[in-house]
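Colleague: need coordinates for the below:
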Amino acid sequence: MNQKRARIIIHLVTAAVGAFVLNMLRAETEPIQLVIFVVAYVGLSVVLDVFRDRRRLRQDAQTSGFKVKADAELNRKVVEALGGNDNIETASHDGNRVTIMMKDIDLLDQSQLEALSLDGAVLTGDKLTVSIGPSAEDFTQLLLEMVNKNK
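Modeller: Sure thing, here's the model as predicted:
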């Protein structure tokens, strides 16, 4: 649903709620009924705002490639920081993360890797896991192509 249609629906719902509250006030309803209704309406408004914001964030993340764009230069720098082509055993992706298995952890240049500003880089044993974002698959394919081409 586009934003214009969503705004129209929100205005219609707000108008209907206003008419309902006005009708309740004229009909001499119990005050607790009005309080319950207002609390429910505010709660529903908050829930709708949260879902709308989450959807907007998801759309922004998908369109902007929110973390790292896969490009040959970045992949070359990652390979260099990991100790070169010969030190990379395998690479795979899972969702937004890339996992790289290394042969010799001592060849890893931690400072060079940190200089690349990769989010969520976690080193466990001989395995490096990096949060890349929606372009994780492209990043992994480029990395494997570089490694296999230079072997």
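Colleague: helix, strand or coil for Leu34?
Modeller: helix (DSSP: H, G, I helix; E, B strand; the rest coil).
Colleague: burial of it, as a residue count?
Modeller: For Leu34, the neighbour count with other Cβ atoms under 10 Å is 13. Just so you know, the C-beta spots here come from the backbone N, C-alpha and C atoms, and that holds for glycine as well.
Colleague: does it touch Val21 like I think?
Modeller: Yes - in this structure, Leu34 is within contact of Val21 by Cβ atoms under 8 Å, at 7.1 Å.
Colleague: distance of Gln40 relative to Val46?
Modeller: Not Gln; residue 40 is Ala. In this view, Ala40 and Val46 are 11 Å apart by Cβ to Cβ, to the nearest Å.
Colleague: quick one, phi/psi of Asp106?
Modeller: Backbone dihedrals for Asp106, given as degrees, to the nearest 10, come out at phi -70, psi -20.
Colleague: that one: neighbour count?
Modeller: 7.
Colleague: show me where pLDDT drops low in this protein?
Modeller: Filtered on pLDDT under 70, the chain yields the residue ranges 1-3, 24-25, 28-29, 56-70, 119, 150-151.
Colleague: mind running it again at 90?
Modeller: 1-90, 93-98, 104-151 (pLDDT under 90).
Colleague: which parts of it are strands?
Modeller: For the chain, the strands defined by DSSP state E occupy 88-94, 97-102, 122-124, 127-131.
Colleague: care to break this structure down by domain?
Modeller: Here the domain parsing of the chain from automatic domain parsing is 3-64, 72-149.
Colleague: most packed of those domains?
Modeller: Mean neighbour count (mean count of other Cβ atoms under 10 Å) peaks for domain 72-149 among these, with a mean of 16.
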